[in-house]
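> The sequence isn't on hand, but the structure is:
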């Protein structure tokens, strides 16, 4: 029996930059909405990882949530915005 089972009530979406040698983790958005059949655009804050998992990072992620039968049709990620340069 699993005792330490955590319930995840969001879909984590990680944002990484594309360096030549090693990619760097930038932030994570936590998608909590299921959307509607017509679709709706939501803006999500970005969070760090590890000790900074509850800290809000610079930038936002815009998401078009569309309710569908398959999980792949549920969320469309739009370009994210960032006020600071990494």
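Thanks, I have the structure now. Nothing here was measured: the structure is a model prediction, and the numbers come from that model.
> what sits up against stretch 41-53?
With C-beta atoms under 8 Å, 6 or more residues apart in numbering as the test, stretch 41-53 has contacts from 15, 25-31, 33, 54-65, 78, 80. C-betas here are computed from N, CA, C, even on glycine.
> Residue 43 versus the spatially closest residue to residue 37 that is not a sequence neighbour, what's the distance?
Nearest residue to residue 37, sequence neighbours excluded (C-beta to C-beta, 6 or more residues apart in numbering): residue 67, at 5.1 Å. Residue 67 is 18 Å from residue 43, where distance means C-beta to C-beta, to the nearest Å.
> just residue 28 next, same as before
Taken as C-beta to C-beta, the span from residue 28 to residue 43 is 15 Å.
> The two - which one has more neighbours?
The residue with more neighbours, out of residue 28 and residue 43, is residue 28; 20 against 12, by other C-beta atoms under 10 Å.
> my read: that one touches residue 15, true?
Yes - with contact defined as C-beta atoms under 8 Å, residue 28 counts as touching residue 15 (7.0 Å).
> ok, the strand ranked longest in the chain: who's next to it in the sheet?
Ranked by number of residues, the top strand in the chain under DSSP state E is strand 56-65. Strand pairing for strand 56-65, determined by DSSP bridges: strand 40-47 (antiparallel), strand 75-81 (antiparallel).
> Least confident of the ones you listed, on average?
With a mean of 52, strand 75-81 has the lowest mean pLDDT of the strands paired with strand 56-65.
> For the protein, give me the ranges with low pLDDT.
For the chain, the stretches with pLDDT under 70 are 1-12, 34-35, 68-86.
> switch the cut-off to 50
Within the chain, the ranges that satisfy pLDDT under 50 run 1-2, 4-5, 72-75, 86.
> Could you report the distance from residue 54 to residue 64?
For residue 54 relative to residue 64 (C-beta to C-beta), the value is 26 Å.
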